[in-house]
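Student: what would the 3D arrangement of this be:
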Amino acid sequence: MEAIKSSVIAGKGISFIPELSIKRELKDGVLKKIDIEGVEVVSDFHIAYRKDHKPLPHEVEFIKFIKSSKRGFC
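Tutor: Predicted coordinates for the structure are as follows:
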C-alpha cells in the first residue's frame, strides 16, 4: 500500500485505494479523492497466517468475531 501511495504522490499515476489507507494524505492535502457516481467497488478480504501456524486462542476468537454477524462494521 505504501508503495502505491508513494508512486501516486510522486506523480506516477492514479490508483483505486481504500480511503482509510490515505486518510492522513487526504487531510494534509497531499492526495485528492475523486468520488465516482454510480460505481460501487466491492473488495474481498482474507485472514492470512502461516500454513504451519496453529492459531492462538485470542487469534481464534478474532477469526470467529470477523466471520460473525456481530462485527457491525463490515
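Student: which outside residues touch stretch 32-52?
Tutor: Phe16, Pro18, Glu19, Ile22, Leu26, Pro55, Glu59, Ile63, Ile66, Cys74 (C-beta atoms under 8 Å, 6 or more residues apart in numbering). Yep, even glycine has a C-beta here, placed from its N, CA and C like the rest.
Student: end to end on it, go ahead and measure it.
Tutor: Chord length of stretch 32-52, first to last residue, is 42 Å (C-alpha to C-alpha, to the nearest Å).
Student: quick one: it to chain centroid distance?
Tutor: Distance, stretch centre to chain centre, for stretch 32-52: 6 Å (C-alpha atoms, centre = their mean, to the nearest Å).
Student: chain center to the helix-or-strand element of the chain with minimal mean pLDDT: distance?
Tutor: In the chain, the helix or strand scored least confidently by mean pLDDT, DSSP states H and E is helix 57-67, which has a mean of 90. Per C-alpha atoms, centre = their mean, the displacement of helix 57-67 from the mean C-alpha position of its chain is 19 Å.
Student: and that helix, C-alpha only, in PDB?
Tutor: Taking Å, rounded to 0.1, in the frame of the first residue of the first chain, the C-alpha atoms of helix 57-67 are listed here in PDB:
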ATOM      1  CA  PRO A  57      -6.700 -18.700  21.500                       C
ATOM      2  CA  HIS A  58      -7.000 -14.900  21.000                       C
ATOM      3  CA  GLU A  59      -6.500 -15.300  17.300                       C
ATOM      4  CA  VAL A  60      -9.200 -18.000  17.100                       C
ATOM      5  CA  GLU A  61     -11.600 -15.500  18.900                       C
ATOM      6  CA  PHE A  62     -10.700 -12.800  16.500                       C
ATOM      7  CA  ILE A  63     -11.400 -15.000  13.500                       C
ATOM      8  CA  LYS A  64     -14.700 -16.000  15.000                       C
ATOM      9  CA  PHE A  65     -15.600 -12.400  15.500                       C
ATOM     10  CA  ILE A  66     -14.600 -11.300  12.000                       C
ATOM     11  CA  LYS A  67     -16.600 -14.200  10.500                       C
END
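Student: good, wrapping up.
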